[in-house]
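Novice: Coordinates for the following, if possible.
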Amino acid sequence: GRGRGWLDMPWWVAEAYLYRLVNEIVGYFPSMSRSLDPFVPSKAAELSSPSTWDLAEEAFAERGDTPASLSLLVETSLWGNRADGCYAAVAATAGAGVAATSAAAAALLADDREEVVARLSAAPAGAVVCVVTDNSGKELVADLALVRALLSRGLEVELHVKRDPTFVSDVTKYDVEDTVAALSARPAGSACAAGGAELEAA
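Specialist: I've put the predicted structure just below:
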């Protein structure tokens, strides 16, 4: 109003307000039902992608029971961000597998994995680790593989998600539930199925 348009607003405020309006238009409020998430089709497509499950099987095959394995899971969780569902061209490059993430380490501006892994390895049973999620699909799968490893070490995990569907692919509690269920439904004997069962039992 008052002669000012969208381009006069701070970009994050404008974008966040736009997604709030989208949720209101589709009737997401006040029930906040998963069936009213306007981005379910794109999230489901990402979750059903073969490249998502190739990455998931490799990630969940890592137990995180050694410093090297835990470091790989931390790095895989980090690089999962390349699979942001908002950017299909970028997401297409993110399913090359866990091993490919290690080759990308040279691109990091700062790499604190050694300290992170040392702190996680030394943490006593029951210590709380906060994991802040970003995008559903490949990135959430990579995050959950790390979460499973932390839980198996006797740590507690607080998983932070968005309350409402935002920015197309941002994780909500429903996305976590759907992804864990999809992991558990993978073929018996697979690393994904085992990991999903552990997460469901946590």
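Novice: ok, Tyr73 touching Ala145?
Specialist: In this structure residue 73 is Leu, not Tyr. Yes - shown here, Leu73 and Ala145 form a contact pair, counting by C-beta atoms under 8 Å, at 5.8 Å. (C-beta placed from N, C-alpha, C; glycine too.)
Novice: Tell me the residues that contact both of those two, please.
Specialist: Shared contacts of Leu73 and Ala145 (C-beta atoms under 8 Å, 6 or more residues apart in numbering): 59, 62.
Novice: Worst mean pLDDT across the helices and strands of this structure, which element?
Specialist: The helix or strand of the chain with the lowest confidence, counting by mean pLDDT, DSSP states H and E, is helix 88-91 at a mean of 49.
Novice: re earlier: pick out whichever of Leu73 and Ala145 has more residues nearby.
Specialist: Between Leu73 and Ala145, Ala145 has the larger neighbour count (other C-beta atoms under 10 Å), namely 30 against 26.
Novice: do you know how far the spatially closest residue to that one that is not a sequence neighbour is from Leu144?
Specialist: In space, and not counting its chain neighbours, Ala145 is closest to Ala59: 3.7 Å by C-beta to C-beta, 6 or more residues apart in numbering. Using C-beta to C-beta, to the nearest Å, Ala59 is found at 8 Å from Leu144.
Novice: higher neighbour count, those two?
Specialist: Legend: neighbour count by other C-beta under 10 Å for Ala59 and Leu144, higher for Ala59 (29 against 26).
Novice: What ranges does this structure have for its strands?
Specialist: Remark: strands assigned in the chain by DSSP state E are 128-132, 156-160.
Novice: In a markdown table: the ones you listed, plus mean pLDDT and distance to Gly5.
Specialist: Below are the strands of the chain laid out as a markdown table (pLDDT from 0 to 100; distance: least, C-beta to C-beta, whole Å):
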| stretch | mean pLDDT | distance to Gly5 |
| --- | --- | --- |
| strand 128-132 | 97 | 33 |
| strand 156-160 | 98 | 33 |
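Novice: Can I get these in TSV including mean neighbour count and distance to Val168?
Specialist: What follows is these, written out as TSV (neighbours: other C-beta atoms under 10 Å; distance: least, C-beta to C-beta, whole Å):
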stretch	mean neighbour count	distance to Val168
strand 128-132	12	18
strand 156-160	13	18
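Novice: Figure out which of these is closest to Ala68.
Specialist: strand 128-132 (19.0 Å; C-beta to C-beta).
Novice: Give me the helices and strands touching that closest one, please.
Specialist: On a contact count with 3 or more C-beta pairs under 8 Å, 6 or more residues apart in numbering; DSSP states H and E, strand 128-132 meets helix 138-152, strand 156-160.
Novice: Next, the angle helix 138-152 makes with that strand.
Specialist: Angle, strand 128-132 to helix 138-152, by axes from the mean of the first three to the mean of the last three C-alpha atoms, to 10 degrees: 180 degrees.
Novice: Thanks a lot, catch you later.
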